[in-house]
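Q: No letters, just coordinates:
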């Protein structure tokens, strides 16, 4: 639910004078997105999204994210394309934040994931990986393996407060995952957060991928592991192998997974589960109960993590 | 920030089969509106708003509200018009709530009220009052004078907890207001909550009035008093008489205020200030600090109430 910064009509009108977007028609806050403030903006030229970047996003990284989106959109990927003002810049200040206008994408994100969503998501993820190839700047993944130890340390006693013994379990899992982490897999620009609320569908096909603000340069197959965690588990915490097979088949139809990538899937999935468990745990520890931001249950990812730790090989995912 | 009920794509698709609205194009939660869940819905036929009515709205009253909006829109007022399904009904269940689709209105609501907004708002309010004339069903105003005593009682010690002595001050004000409350003024359907976030502007003109879920059959001039409270005070708590005069002039240009209505403005404004003070106080008392719903400061309306209690006549508002 995300409108943290209210934009006055005067400020908006002044902001829009920097663009060739015609006259204002409508402007509504959007209840989606967690990190930033988003508005649906309609002008006489069409529909757009106005995003104000809030405090969790480092302003110095915004040009990288916007550059990636621009590159991907030019490659034909259905993702928001930053709209440049008459000065050629996509990023400018608004109400004390940095802000950008991007193109509007049609579609609806799936509130309930069905098997039929999984193959198109796999295909779209592979398309994203391939389309990123020509974008030269790199961004280290702050929430990759080197970030997990410090994140766990910053949760302090929070893990055990949430569930006695959880701290020791996470430390053990972290040690095992880091020791087995693959070093030689193909790397490129990954989305790193391709959850269902970041994928729009229209008539059964993917119509848009959004929210690139966790994107980074990291192992492609790790992005696949993020998607397996995000799309293929049922409410009871069990993997739906029909979904994971569909996702992996879809991915492989556009970009084949090498033998080393396939073999590493269990540890990559362990790492992905740990990453979301840790950020949720950190938010849990640092957000008072009932606060404005809805806290997501970290333990959902403990069940996934345990599953991945018990997986004997890529066959566990239907590969 | 209002999406309390998530609508799955399956549920939405099933819901839309009851309408002749073409194919789905986009569906986004809207961060505005406090009481209900609102989504921007685009189909191949155009843009609409889907509202799911949450627990604060009595389902038995929904037909009255939707009937009023339909009537007003047919009279040419720029307000959301309920869209009937093929069965002729505008209201039907969705995800455990009652829901309705209404037409989309262009425009932007003013985050900062300027003098230039006030005359058009007065005109639009009078147009609303005149357009309601042919709608026969009536609805008593649950948040009118007979509701204020019980509401204050239900706040218990909350007033004094917020500010020592506030309970006694409010009881005294309530007694004085009820004793002076006018009984013979012209009555009709009023909006009763026409705050800036319920009025869209486009190119300086009102392009839409929304959120009729506090509408009732009550004194027209009381609705004017609500608007004087909502539009004409500055951040420091002082009335801006240039704004109030503009609002009253705009109103009078469409529907003249009679001498008795003008004379009653101070007590009507007192009542309106007390009404918003009491509902804010009630929410303050019943909402834990930091909860999902943002609490509005009741004391903003104490300053207004004191001003209105000291007003010697309609001249205080520039009349």
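A: Nice, I can see it. Remember, predicted model here, so these are calculated numbers, not experimental data. Numbering: from 1, shown residues only, chains lettered A, B, ... in the order given.

Q: When you work out contacts or count neighbours from here on, use the C-alpha atoms and nothing else.
A: Fine.

Q: Please name the bridge partners of the closest residue to residue A:4 other than its chain neighbours.
A: Leaving aside its chain neighbours, residue A:4 sits nearest to residue A:37 (5.5 Å; criterion: C-alpha to C-alpha, 6 or more residues apart in numbering or on different chains). Beta-bridge partners recorded for residue A:37 (DSSP bridges): residue A:52.

Q: Please tell me I have it right and residue A:37 contacts residue A:5.
A: Yes: using C-alpha atoms under 8 Å, residue A:37 is in contact with residue A:5, at 6.3 Å.

Q: hey, what's in contact with both of the two?
A: Common neighbours of residue A:37 and residue A:5 (criterion: C-alpha atoms under 8 Å, 6 or more residues apart in numbering or on different chains): residue A:52.

Q: So for the two, which sits in the more crowded spot?
A: For residue A:37 versus residue A:5, neighbours defined as other C-alpha atoms under 10 Å in any protein chain shown are more numerous around residue A:37 (25 against 17).

Q: Show residues contacting the lengthiest helix in chain A.
A: Taking DSSP state H as the criterion, chain A has its longest helix at helix A:265-286. Contacts to helix A:265-286, defined as C-alpha under 8 Å, 6+ apart, come from residues A:143-145, A:148, A:151-152, A:154-155, A:158-159, A:170, A:174, A:177, A:180-181, A:221-222, A:225-226, A:228-229, A:295-302, A:304-305, A:308-309, A:311-314.

Q: Now restrict those to buried residues only.
A: By neighbour count, with 16 or more other C-alpha atoms under 10 Å in any protein chain shown, the contacts of helix A:265-286 hold A:143-145, A:148, A:151-152, A:155, A:158-159, A:170, A:174, A:177, A:221-222, A:225-226, A:228-229, A:295, A:298-302, A:304-305, A:308-309, A:311, A:313-314 as buried.

Q: Filtering these by proximity to chain B, which remain?
A: Among these, no residue lies close to chain B (C-alpha under 8 Å from any C-alpha of the partner chain).

Q: how many degrees apart are the helix or strand just after the longest helix of chain A and helix A:265-286 in direction?
A: Heading C-terminal from helix A:265-286, the first helix or strand you meet, by DSSP states H and E, is helix A:299-310. Calculated by axes from the mean of the first three to the mean of the last three C-alpha atoms, to 10 degrees, helix A:299-310 forms an angle of 160 degrees with helix A:265-286.

Q: what helices or strands is helix A:299-310 leaning on?
A: Under the contact definition 3 or more C-alpha pairs under 8 Å, 6 or more residues apart in numbering or on different chains; DSSP states H and E, helix A:299-310 sits against helix A:265-286.

Q: buried set for the helix it packs on?
A: In helix A:265-286, counting by 16+ other C-alpha under 10 Å, buried: A:265-285.

Q: which residues are there in the stretch 51-200 of chain A that come within reach of chain B?
A: Going by C-alpha under 8 Å from any C-alpha, the residues of the stretch 51-200 of chain A near chain B are A:106-112.

Q: so the nearest residue to residue A:165 once chain neighbours are set aside is in which element?
A: In space, and not counting its chain neighbours, residue A:165 is closest to residue A:159: 7.8 Å by C-alpha to C-alpha, 6+ apart. Element membership for residue A:159 (DSSP H and E) is helix A:158-162.

Q: what about residue A:134, neighbour count?
A: Applying other C-alpha under 10 Å, we find 13 residues neighbouring residue A:134.

Q: how close does it get to chain B?
A: Using C-alpha to the nearest C-alpha, to the nearest Å, residue A:134 is found at 31 Å from chain B.

Q: before we move on, back to that, quick one, which of the residues of the stretch 51-200 of chain A next to chain B are buried?
A: Among these, those classed as buried by 16+ other C-alpha under 10 Å are A:106-110.

Q: What is the nearest of those residues to residue B:137?
A: Using C-alpha to C-alpha, residue A:108 is the member of those that lies nearest residue B:137, at 38.4 Å.

Q: So what pairs up with the closest residue in space to that closest one that isn't next to it in sequence in the strands?
A: Excluding the flanking residues, the one nearest residue A:108 by C-alpha to C-alpha, 6+ apart is residue A:200, at 4.7 Å. As for beta bridges, residue A:200 partners with residue A:208 under DSSP bridges.

Q: how close does residue A:200 get to residue A:307?
A: Between residue A:200 and residue A:307 the computed distance is 28 Å (C-alpha to C-alpha, to the nearest Å).

Q: Looking at those two, which has the bigger crowd around it?
A: residue A:200 (24 against 18).

Q: Let me see the contact set for that one.
A: A:106-110, A:206-209.

Q: part of a strand, is residue A:236?
A: No: using DSSP: H, G, I helix; E, B strand; the rest coil, the assignment for residue A:236 is coil, not a strand.

Q: For residue A:114, see how far away it is.
A: 15 Å.

Q: who has more neighbours, those two?
A: residue A:114 (13 against 8).

Q: Just the residues contacting the helix or strand encompassing residue A:170, thanks.
A: Using DSSP H and E, residue A:170 sits within helix A:166-180. Helix A:166-180 is contacted by residues A:145, A:148-149, A:152, A:157, A:159-160, A:267, A:270-271, A:274 when judged by C-alpha under 8 Å, 6+ apart.

Q: okay if I get these as TSV plus pLDDT?
A: Shown next, in TSV, are the contacts of helix A:166-180 (pLDDT from 0 to 100):
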residue	pLDDT
A:145	97
A:148	97
A:149	96
A:152	96
A:157	91
A:159	94
A:160	94
A:267	98
A:270	98
A:271	98
A:274	98
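
Q: ok, now which ones touch the residue nearest to residue A:165?
A: A:165-167, A:281.

Q: Can you pull the poorly scored residue ranges out of the stretch 1-150 of chain A?
A: A:1-2, A:33-34 (pLDDT under 70).

Q: picking that back up, can you tell me which of the contacts of residue A:159 has the most neighbours?
A: residue A:281 (25 neighbours).

Q: Give the buried residues for stretch A:96-105.
A: A:97-105.

Q: In JSON lines, list these along with secondary structure.
A: As requested, the buried residues of stretch A:96-105 are exported to JSON lines (three-state DSSP):
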{"residue": "A:97", "secondary structure": "strand"}
{"residue": "A:98", "secondary structure": "strand"}
{"residue": "A:99", "secondary structure": "strand"}
{"residue": "A:100", "secondary structure": "strand"}
{"residue": "A:101", "secondary structure": "strand"}
{"residue": "A:102", "secondary structure": "strand"}
{"residue": "A:103", "secondary structure": "strand"}
{"residue": "A:104", "secondary structure": "coil"}
{"residue": "A:105", "secondary structure": "coil"}
